[in-house]
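1. what follows is a protein structure lacking sequence information:
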């Protein structure tokens, strides 16, 4: 039995879960999410808990068991608390500013880079060099943060670029010239 899959998902008081036709809908104070589940597992709501069970013990059923339980747990956490990823911008002249529909980023290019906010995602800025990506869908928050980081990933020589908060970038030594050459 899957160690993750067999654990029930506890529901907070203000979150409701409905299961119909292989679709799990979760409503909470921050919004509503839905996820189609594989037909190899069954999702049941028992009182204040959500339980995931699999029909058989072959590999496909076992792999879907833990995945489905984790997806449901992430949806419950998202509609009750939400998710947040933080990014840091490092480099002289690199900065971020909020616009009407997303972010304007100065990343050392000849033009500013506009990044529109997808539906369900909000940005908050701390100064001009820290971006917080917030939303209720964990996968979408992580995807948006990765796309913003990919606009200018940290380079290994000076460390300039966009990185996740707390990410360590190993710096390389520069070119070592010959001593005494004129």
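-> Noted; the coordinates are in hand. Computed from a predicted structure; not experimentally measured. Numbering: from 1, shown residues only.
2. CA only for contacts and neighbour counts going forward, please
-> OK.
3. low-confidence regions, this structure specifically.
-> Across the chain, residues meeting the criterion (pLDDT under 70) sit at 1-2, 178-182.
4. do that again at 90, thanks
-> Along the chain, segments meeting pLDDT under 90 span 1-6, 21, 47-48, 57-63, 159, 173-182.
5. pick out the residue nearest the middle of it.
-> residue 142 (2.1 Å; C-alpha atoms, centre = their mean).
6. what helices or strands is the lengthiest strand in the chain leaning on?
-> Counting residues, the longest strand in the chain under DSSP state E turns out to be strand 83-90. When contacts are defined as 3 or more C-alpha pairs under 8 Å, 6 or more residues apart in numbering; DSSP states H and E, strand 83-90 sits against strand 130-135, helix 138-151, strand 161-164.
7. hang on, the earlier thing: spit out the contact partners of the residue nearest to the centre of the chain.
-> The contact partners of residue 142, by C-alpha atoms under 8 Å, 6 or more residues apart in numbering, come to residue 85.
8. measure it to residue 84 for me?
-> 9 Å (C-alpha to C-alpha, to the nearest Å).
9. so what does residue 152 have for phi and psi?
-> phi -160, psi 80 (degrees, to the nearest 10).
10. give me the distance between residue 114 and residue 54.
-> Counting by C-alpha to C-alpha, the separation of residue 114 from residue 54 is 45 Å.
11. swap in residue 134?
-> From residue 134 over to residue 54 the distance is 33 Å, taken as C-alpha to C-alpha.
12. the helix or strand where residue 125 lies - contacts with which helices or strands?
-> Element membership for residue 125 (DSSP states H and E) is strand 121-126. Strand 121-126 sits against strand 95-98, strand 102-106, strand 130-135, with contacts defined as 3+ C-alpha pairs under 8 Å, 6+ apart.
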